[in-house]
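Novice: Based on what follows, work out the 3D shape:
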Amino acid sequence: MRIIIADELWGTTSTAREQEWQQALMDFNVKHDGQPPDLTVARREDGGATLRLGGLAVGEVEVGLSFDLLRDHFRDYRDVIARIARATAGSFGMRDYEALDMAKKGVHDEAGFRIRKALRPHVELDLKVARRIFTVLFLILADIPADLVTNHRCHGPRT
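Specialist: Numbering: from 1, shown residues only. Okay, here's the model as predicted:
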């Protein structure tokens, strides 16, 4: 599988945000085989995502994920990475940081299950892939301050 961000989204945000998109795409696409299906992510008018699956035996399929479906996951994930940013700045101890990392994993898992369920009629995904798709969706669709954009990649205090 390969993730692609729809052409119309490029140039609609800051350079820093686009660089983070590129990093997320590279992380995903390098770790996966790059074989069909291709998953193109576009923004819906309601703030959700349209996922276009190409390269399937039945041709191209579109799956809509409404913003309402993703809202709680985006909110929870944003809250966790904001706390991780504060922890990274020294506001919390190591134990707190570990709890935040577990909370982040929990949000990823819940969102991953939701994405798997939506895509299941068309493609079978393992949870790890669905979690990574959520990360890309979050980076593209969620309204997060620029200083938090890279904190989603934190997996322990910076040394």
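Novice: any idea how far Val136 lies from Val41?
Specialist: 6 Å (CB to CB, to the nearest Å). (Glycine included, C-beta is placed from N, CA and C.)
Novice: hang on, Arg114 packs against Leu69?
Specialist: Yes: using CB atoms under 8 Å, Arg114 makes contact with Leu69 at a distance of 6.6 Å.
Novice: shared neighbours, those two?
Specialist: Here Arg114 and Leu69 share no contacting residue, scored by CB atoms under 8 Å, 6 or more residues apart in numbering.
Novice: which residues of this protein fall in helices?
Specialist: 15-31, 67-88, 94-119, 127-141 (DSSP state H).
Novice: Quick check: buried residues in the longest one?
Specialist: Put plainly, it is helix 94-119. By neighbour count on 16 or more other CB atoms under 10 Å, the buried set for helix 94-119 is 97, 100-101, 103-104, 107-108, 110-112, 114-116, 118-119.
Novice: Grab the nearest non-local neighbour of the one residue sitting closest to the centre of the chain.
Specialist: Residue closest to the average C-alpha location in the chain (CA atoms, centre = their mean): Thr135, at 1.5 Å. Among residues not flanking Thr135 along the chain, Ala24 sits closest, at 6.0 Å (CB to CB, 6 or more residues apart in numbering).
Novice: What of Ile140?
Specialist: Leaving aside its sequence neighbours, Ile140 sits nearest to Val41 (CB to CB, 6+ apart; 6.0 Å).
Novice: same check, this time on Arg78
Specialist: Here the nearest residue to Arg78 in space, its sequence neighbours aside, is Ile144; by CB to CB, 6+ apart that works out to 5.6 Å.
Novice: Now do the contacts for the one you found.
Specialist: Arg78, Ile81, Phe138.
Novice: Confidence-wise, which of those comes last?
Specialist: Taken together, the contacts of Ile144 show their lowest pLDDT at Ile81, with 86.
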